[in-house]
Structure formats: C-alpha cells, structure tokens
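A.B. asks: Sequence and predicted structure, then a few things I'm wondering about:
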Amino acid sequence: MKFGGTSVGDVAAFERVINVVSSQVARRPVVVVSAMTKVTDALLAAFDAAKKADLPSAIASLGPHFERHVAVSKHFIPEGASNLFDAELQFARDELSDLLLRTSRRSLPLSMLKDAIVSYGEQLSSRLLAEVLKARGVNARQFDSRRLVVTDDEFGAAQPIWEETRDLVRLDLQPSIDSDEVPVVGGFIAANRAGETTTLGRGGSDFSAALFAAALDAGELQIWTDVTGVMTCDPRICPDARTIPVLSYEEAAELAYFGAKVLHPKTIKPAVDHGIPVRVCNTFEPEAVGTMVLAQSGESPNKIKSIAYKKNITILRITSARMLGSYGFMSAVFQVFERFRTVIDVISTSEVSIALTLDNTTELDKIVAELQRLGEVEVEPGYAVICIVGEGLRDSTGLASSVFLTIKDVNISLISHGASRVNLTFVIREENVAGVTQKLHRELFVV
Ligand code: ADP
Ligand code: ASP
Ligand code: MG
C-alpha cells in the first residue's frame, strides 16, 4: 500500500491513512509512504538557497515543515508515551543543518548532498507514520529503505539493482510480515553500494512501492492518492474527467510516461514482470474501487481510454542532405543522445530530416553542438506532447480524423502513431494544452 504526499499532508490525512491500513491488516500489507506534501519541494528549495550561500534562510525555511510533523505527532501520540519520532526529528534537524552547511561550502559533491538532504522527507514521514500507526494499535515497524533498495550511483535518478534489492527486501521484511508486523518504509529513497543516499527521481515512491511488491510477490499493489484512480484526463484540467475501471499495463505505461502524474512511469515494469495487479485508489474515498491495472484490458467502445499531456517539451529538427538514401545516419544521431544520457520522447522522420522531442534539456547545448556536425539543427522550446491512449487505437478507422477535426484550428507540429498498439501522440504549442485537452475530452468522452 503506497500513500502519496497528499495522503499524508496533515492530521486529517493521517487519520484517513490509519483507517485504510487498519482495515486491511489481515491482508498483511507493507506500507510505503511519500514525504508529507510540499516537503520534497521545500527541501530542494533549501538546498538551492544553501548553494547560493544563503544558509540562514535555507535552514529557517524548513522550520514550518518540521512543525507540521510535530503537529501530527502531538495529535496522535499521547504525552509521555514512548515516541521514537521526536528523537528522529531532532536528529534530522541537526543533520539537515550540517548538510546545508556543507552545501554552502561545497565540501562534498553537490549531487550527493542534494539526495542526502531531500531524503529527509521520506525518512521523517515513514518514521512518523509508523509511530502514529503504533499509537492506534497497529503493529507497525519502520524500516529504512536506504538499507533495502540498492541502486547505481546516478544521484537524483538512480536505477535500482534488482537482484540485490529483492534479496535485501525479502531478508528484512519477510520475517517482519511473518510475525504479523506491518512494515512501514519511505518511498523514493535508496542507497548505492557504498551506502550513500540516492533517490529514484521525482514521484519515485510509486516505483519504490512496485519494487517492494515485486520482491515480496505481493498479491496486489495499491497506490493511494488524492483522486479516484486513473481518469480519462487530468481532473485539474478537465473537471468532468471520469475514473477508468480497467487499464492494461501497456495503456498505463504510455499514460504515465506521457504525463499522467498519477502513476510514476517506472511503476509498471516490476508489476508487469511479476504479474502483480496494480490498483489506484483514493484516500478521500476509500470505498470506491478506483482503477485496476492488469495484464490485459478490453477495448472501450470508442477505443480511447484517456488523454495525457506533458509540458515543457523542446523540439529538435535535424536536416541533412546526407540522409538521403544513406544508412547509418539515424545511428549517428542516436549516439549523440546516448552519450549525453538524454531521453527522446517522440520522433518523426522524412527522407532528409528528423524531428524529435526532449523534456530534459540539461545537456542541450552540447547535444546541438555535436548534431551540427551531422546537419542543420533547429531548436524550438515551448511545446507540449499530447498522448491519446487506448487498446485497439492503431487498428481503428477514422479515429485520427475525428481527433484532428476536433482541434482543426490548432497547429500540430509533429505526429507519431502506430509504433505502439495503444497510442496516438502529437505535439502542439504549450499555451494550447488546456484548450486542446478540454476540447478533445469533451468530444471523446462527454456524451
Ligand atoms: P501522490 O502525491 O499521491 O503521488 P500525485 O500528485 O503524484 O499524487 O498524482 C496525483 C495527481 O495526478 C492528481 O491529483 C491529478 O491531478 C494528476 N493526474 C494527472 N493525470 C491524471 C489522470 N489521467 N488521472 C488521474 N490523475 C491524474
Ligand atoms: N517525495 C518525492 C517527490 O515529491 C517522491 C514521491 O512523492 O513519490 O517527488
Ligand atoms: Mg506521485
């Protein structure tokens, strides 16, 4: 059972989590928890302030967030009762001050310090949730995920090393589960083989939960969030979005990858590999069934299940007469991206040009410099990817025309269709996202 940040935001939210966990203790759950809402952002902001040598404001900015933890702890844990959380919080405050000081002095590599700092969100939330559950009679026990999830050294976006992680998780958590404890772990955080703290990338708690589920051969992975399952569109953009009852792994993966934040894109892989059903449920509406993500799902009558979007996309166009009728050109282009460890999202080619999209532009200047050796390069920032997902989309007739007819007044910069069975993807200017998504949603889902 994974609870996201909004599910552990304040006293009322913890109350809901306690009820949900208590109601399923008989199913022998493992609880994975994110940092309290806004805490990860606050820790990252403190790191940035410290980097700019503004140490006092970096430290002061965290005060209100520590207080939010204290408020929860005071509410649930009776005065005088044993409370491991208070000591943990004091330790975290001292450690964070020290890590921020080191950041301002740059006395350790910054990427390493950043992960060490940001990990306190989940370290604290998991300790707090375990103590709160105990105070309410659940036999909970906190484990430090940094001793369970082993990753490579890519701070900020570390890749788990599966066999080692699986063995550690089984070794530590299985005996605890077998003795009727409910293990509570922080999502998102891990450590490399040297024991240095790493993180799995923003939104990575879903991924952690999937790893724990796979390692323990769980009967089900539950992702508890602030909406009732995966919906036909982001409800923040389309208030009339509806819950999708069943999605296939492939549909869910495409949606997650192309922006539906409700599931982290990597969540699906361990679930697929181990055939574990994933259920997305709402802590605010625990009785609702939510969305089941399974190996297979049926086609919906209009073939379309959901619309996702991803903003902040840059288009790169590479044009070269050398490409005409020659081989090896694509490979030369892709090697550049491989060298700079940059992921391409959407791609479209003609006889003499390639257009592709990126969402990570940290290495853009270097990539462009190298690509210029191969041809003429244009860079166009400020775009968004829109992804329409549904089983059977590729083989349907007339769908693309109805989609593009609906938004005929909008310029489409790039289209990709047919690579996967389940999606139709195109790229538009970022400022058109809300309008286009709402129009499509109305046309495709509202009868
Ligand atoms: P958590 O803190 O639980 O991990 P997130 O904020 O990461 O929650 O994800 C939940 C949010 O994802 C929702 O509040 C919703 O705005 C957004 N979202 C985007 N696309 C979708 C979608 N298709 N279905 C449901 N939620 C979506
Ligand atoms: N707390 C982390 C984040 O905000 C991980 C997560 O919530 O899944 O990105
Ligand atoms: Mg999330």
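C.D. replies: Looks like it arrived, so ask away. Ligands and ions are numbered 1, 2, ... in the order given.

A.B. asks: residues near the residue of the stretch 1-150 of the chain found nearest ligand 3, how many?
C.D. replies: Residue of the stretch 1-150 of the chain nearest ligand 3, by C-beta to the ion: residue 4 (4.9 Å). (C-beta placed from N, C-alpha, C; glycine too.) For residue 4, the tally of surrounding residues (other C-beta atoms under 10 Å) stands at 25.

A.B. asks: okay but it is in contact with residue 222, surely?
C.D. replies: No: in this structure residue 4 lies outside contact range of residue 222 using C-beta atoms under 8 Å: 11.4 Å.

A.B. asks: Residue of the stretch 201-350 of the chain nearest ligand 2, please.
C.D. replies: Residue nearest to ligand 2 within the stretch 201-350 of the chain: residue 205 (3.2 Å; C-beta to the nearest ligand atom).

A.B. asks: And the strands in the stretch 251-400 of the chain?
C.D. replies: Remark: strands assigned in the stretch 251-400 of the chain by DSSP state E, counting those that start in this stretch are 278-282, 291-294, 306-319, 347-349, 353-358, 376-389.

A.B. asks: Close to ligand 1: what parts of the chain are there?
C.D. replies: Listed as neighbours of ligand 1 in the chain under the rule C-beta under 6 Å from any ligand atom: 4-7, 34, 203, 225-227, 230-231, 233-236, 260-262, 306.

A.B. asks: Let's see that with 5 Å instead.
C.D. replies: 4-6, 225-227, 230-231, 234, 236, 260-262 (C-beta under 5 Å from any ligand atom).

A.B. asks: Nearest to ligand 1: which residue in the stretch 1-150 of the chain?
C.D. replies: residue 4 (1.8 Å).

A.B. asks: which ones are touching that residue?
C.D. replies: 34, 205, 206, 223, 224, 225, 226 (C-beta atoms under 8 Å, 6 or more residues apart in numbering).

A.B. asks: how about the closest residue to residue 356 other than its chain neighbours, what does it touch?
C.D. replies: Nearest residue to residue 356, sequence neighbours excluded (C-beta to C-beta, 6 or more residues apart in numbering): residue 347, at 4.4 Å. By C-beta under 8 Å, 6+ apart, the contact set of residue 347 is 354, 355, 356, 357, 416.

A.B. asks: which residues does the first one bridge with?
C.D. replies: When bridges are called by DSSP bridges, residue 354 pairs up with residue 318, residue 349.

A.B. asks: Give me the pLDDT for it.
C.D. replies: Per-residue pLDDT puts residue 354 at 93.

A.B. asks: Kindly report the same for the last one.
C.D. replies: Residue 416 is assigned a pLDDT of 87 by the prediction.

A.B. asks: Start the count at 40 instead of 1 going forward.
C.D. replies: Right, with 40 as the first residue, what we last looked at is residue 455.

A.B. asks: Checking it next. Helix, strand or coil?
C.D. replies: Secondary structure state of residue 455, per DSSP: H, G, I helix; E, B strand; the rest coil, is strand.

A.B. asks: That one and residue 308: what is the separation?
C.D. replies: 22 Å (C-beta to C-beta, to the nearest Å).

A.B. asks: between those two, which one's more packed in?
C.D. replies: For residue 455 versus residue 308, neighbours defined as other C-beta under 10 Å are more numerous around residue 455 (20 against 16).

A.B. asks: Please list all residues in contact with the more buried one.
C.D. replies: Contacts of residue 455 by C-beta under 8 Å, 6+ apart are 385, 386, 387, 463, 464, 465.

A.B. asks: is it true that residue 220 touches residue 180?
C.D. replies: Yes: applying C-beta under 8 Å as the test, residue 220 and residue 180 come out as touching, 4.7 Å apart.

A.B. asks: Which positions in the stretch 190-339 of the chain make contact with ligand 3?
C.D. replies: Contact residues, the stretch 190-339 of the chain versus ligand 3 (C-beta under 5 Å from the ion): residue 242.
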